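Peer 1: model this:
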Amino acid sequence: MRITIRSLFLLSCWLFGSAHADDCHVASYRLADGRAIDLAPSADGAMRWTLEDGNIGKLMRTGDAWVSTLGWTGRPDGHRVTLGPCGSKEITFDGIVGTRIAFDVIETRFTVDGAEIAGRLLLPAGKHPVPVVVLVHGSEQSSAREWFALQREFPAAGIGAFVYDKRGTGASTGIFTHDYLRLAADAAAAVREARRLAGARAARVGLHGGSQGGWVAPLAAMSAPVDFVIAAYSLAVTPLDEDREAVALDMSRHGFGADETRKALEVARAVEAIVKAGFQRGYAELEALRKKYSGEPWFRYLRGNITGPLLSEPESFWREKGPVLFAGILPDYDPMPVLQKLRAPQLWILGGDDIDAPPQETWRRLLQLKREGRPISAVMLRGAEHGLYTFELDPAGARISLGLHKAYFALMRDFIANGRIAPAYDDAVVVR
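Peer 2: Numbering: from 1, shown residues only. Model prediction:
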């Protein structure tokens, strides 16, 4: 249960339509030096390139040329990227020619409890068996088929990918929901559809769930047996626990102590009451706490995943938009019973500096599950925030994403292809 800057951007795309251009260049390319680079859509006519090592740049058209800037900073990064006309199969990156990688692509639609789900299977070209990973949404309300670069990055690395628009998004029908049980049924159906379409080409088949998808993917694996589950920047606690942990972290990382944390959690509990009441009751109690504490130094740092956003908009907004933005939310959903029963090997990749989904309690629970004999590998990526992005701070102390942690893709690739990860990845904390 989280609202981040990036999810608000994706929400705007869902509400108003995407504003990117040059879709004809969206593809993965093989550079002459062997590296793969992906070009994905971005907003405002821009594109983003991503390398397997996590480096990301934003491409903006300036006249007949494209200018590359570092991550989300807006600063020139020194890379020179040339895109040919639509229909061209080549680009250049820093003077190195890249050729569009051909995939075997199958578009599909399948029905789950009245919703028609739009999906897409992408396989490396050829007839040989390959592992296949089904990509499960986070909390975004945008089209995964349009925005998920992993659907191309995995096939470029020899791994099939199945991507689908969850119900109520993109080209899928049905009503958008955060009901993890409903979403897990859809994800399980996606697994079955991926197996059907891939046929004899499907070797190992598994699930990848990022953020909210880390609650959904293990649930789906209980009804659609898979060979592996990857949970990235996800949690083994309830959605309300997530908000409490984020609020407590807000206090400690800004230098406040136990008394300030107690007060901040008092505000968070008032917000929880509003969420549990379907955003229709509890505002008077929250407003009383705002008046009581808003003059204290710690209050301006109160953020959380729903506490901060709920404080930032008026009651009228949340009465109307809350039931839509958080439709079907299960605030007390406990993932532990599922994780205790799940037999499929799991890889959990957490961001050591994630302030949206604080990893500490989840890490403790994962290690306990491993001690109890569950097939879990867990990795903590130092310096990574939510989404497993590296970041810098602007003058006001806000985080600006630079790129993905360089170990993220390698971890997933190794686990999907080999069923296990290596003993070490850069400076990551690895438990396998």
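
Peer 1: low-scoring stretches of the protein, by residue?
Peer 2: For the chain, the stretches flagged by pLDDT under 70 are 1-22.

Peer 1: what about the residue of the chain most remote from its centre, which SS state?
Peer 2: Largest separation from the mean C-alpha position in the chain: K292, at 36.3 Å (Cα atoms, centre = their mean). Look at K292: counting by DSSP: H, G, I helix; E, B strand; the rest coil, its state is helix.

Peer 1: and T92, helix, strand or coil?
Peer 2: strand.

Peer 1: got it, and G119?
Peer 2: G119 - assigned by three-state DSSP - is strand.

Peer 1: Counting neighbours, what do you get for it?
Peer 2: The number of residues packed near G119 is 24, by other Cβ atoms under 10 Å. The C-beta positions use only the backbone N, C-alpha and C, and glycine is treated the same way.

Peer 1: ok, now which ones touch it?
Peer 2: Contacts for G119 (Cβ atoms under 8 Å, 6 or more residues apart in numbering) come out as 107-110, 145, 162-165, 190, 193-194.

Peer 1: partners of the nearest residue to F148 once chain neighbours are set aside in the sheet?
Peer 2: For F148, ignoring the flanking residues on the chain, the nearest one in space by Cβ to Cβ, 6 or more residues apart in numbering is V163 at 5.4 Å. Beta-bridge partners for V163, by DSSP bridges, are R120, L135.

Peer 1: list the contacts for V163?
Peer 2: So V163 contacts 119-120, 122, 135, 144-145, 148, 150-151 (Cβ under 8 Å, 6+ apart).

Peer 1: Swap in 6 Å and give it another go.
Peer 2: By Cβ atoms under 6 Å, 6 or more residues apart in numbering, the contact set of V163 is 120, 135, 144-145, 148, 151.

Peer 1: What separation is there between M60 and M47?
Peer 2: M60 sits 8 Å away from M47, taking Cβ to Cβ, to the nearest Å as the criterion.

Peer 1: of those two, who's got more company?
Peer 2: Legend: neighbour count by other Cβ under 10 Å for M60 and M47, higher for M47 (25 against 15).

Peer 1: quick one: that one from L135, how far?
Peer 2: Relative to L135, and taking Cβ to Cβ, M47 is found at 20 Å.

Peer 1: did I read that right, L183 in a strand?
Peer 2: No: under three-state DSSP, L183 falls outside any strand and is assigned helix.

Peer 1: Can you tell me the closest non-neighbouring residue to it?
Peer 2: That would be V216: by Cβ to Cβ, 6+ apart, it lies 4.7 Å from L183.

Peer 1: ok, now G170?
Peer 2: S143 (2.9 Å).

Peer 1: tell me the contacts of that neighbour?
Peer 2: Here S143 is in contact with 165, 169-170 (Cβ under 6 Å, 6+ apart).

Peer 1: didn't K406 look like it was pressed against G54?
Peer 2: Yes: counting by Cβ atoms under 6 Å, G54 is a contact partner of K406 at 4.4 Å.

Peer 1: in stretch 336-351, what's buried?
Peer 2: 338-339, 342, 344-351 (16 or more other Cβ atoms under 10 Å).

Peer 1: Could you report the distance from the residue nearest the centre of the chain to D77?
Peer 2: Central residue of the chain (Cα atoms, centre = their mean): G210, 3.9 Å from the mean position. Note on G210: its distance to D77, by Cβ to Cβ, is 25 Å.

Peer 1: before we move on, what about L339?
Peer 2: 40 Å.

Peer 1: and what of R61?
Peer 2: With Cβ to Cβ as the criterion, R61 and D77 are 16 Å apart.

Peer 1: for S143, same thing?
Peer 2: 28 Å.

Peer 1: what's near enough to touch H254?
Peer 2: Contacts of H254 (Cβ under 6 Å, 6+ apart): Y301.

Peer 1: Then F391?
Peer 2: Counted by Cβ under 6 Å, 6+ apart, F391 has contacts 385, 399, 401-402.

Peer 1: Next, it: phi, psi?
Peer 2: F391 adopts backbone torsions of phi -160, psi 170, taken as degrees, to the nearest 10.

Peer 1: just G34 next, same as before
Peer 2: When read as degrees, to the nearest 10, the backbone of G34 gives phi 100, psi -20.

Peer 1: can you give me the helices for the protein?
Peer 2: Along the chain, counting by DSSP state H, helices occupy 5-16, 144-147, 150-156, 180-198, 213-223, 239-253, 258-276, 283-293, 307-312, 315-325, 336-341, 360-371, 408-418.

Peer 1: Export the ones you listed to TSV and append columns for distance to A102.
Peer 2: Output for the helices of the chain, formatted as TSV (distance: least, Cβ to Cβ, whole Å):
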stretch	distance to A102
helix 5-16	28
helix 144-147	19
helix 150-156	10
helix 180-198	17
helix 213-223	28
helix 239-253	41
helix 258-276	47
helix 283-293	55
helix 307-312	43
helix 315-325	40
helix 336-341	39
helix 360-371	39
helix 408-418	20
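
Peer 1: how many other residues sit next to the spatially closest residue to A118 that is not a sequence neighbour?
Peer 2: Excluding the flanking residues, the one nearest A118 by Cβ to Cβ, 6+ apart is A171, at 3.8 Å. By other Cβ under 10 Å, 16 other residues sit near A171.

Peer 1: go on, the one 3 residues further on?
Peer 2: G174: 19 surrounding residues under other Cβ under 10 Å.

Peer 1: and it, what is it in contact with?
Peer 2: Counted by Cβ under 6 Å, 6+ apart, G174 has contacts 115, 167-168.

Peer 1: Selecting buried members of these in PyMOL, what would you type?
Peer 2: Buried residues within the contacts of G174, by 16+ other Cβ under 10 Å, are selected in PyMOL with:
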select buried, resi 115+167
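
Peer 1: Could you take the contacts of G174 and lay them out as a markdown table, with extra columns for distance to F256?
Peer 2: Output for these, formatted as a markdown table (distance: Cβ to Cβ, whole Å):
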| residue | distance to F256 |
| --- | --- |
| A115 | 45 |
| R167 | 41 |
| G168 | 40 |
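
Peer 1: Which of the contacts of G174 lies at the shortest distance from V81?
Peer 2: G168 (35.2 Å; Cβ to Cβ).

Peer 1: That closest one contacts I175, correct?
Peer 2: Yes: between G168 and I175 there is a contact at 5.2 Å, judged by Cβ under 6 Å.

Peer 1: And for L265, the neighbour number?
Peer 2: By other Cβ under 10 Å, the residues close to L265 number 18.

Peer 1: if I look at it, how far off is Q360?
Peer 2: Distance, L265 to Q360, by Cβ to Cβ: 16 Å.
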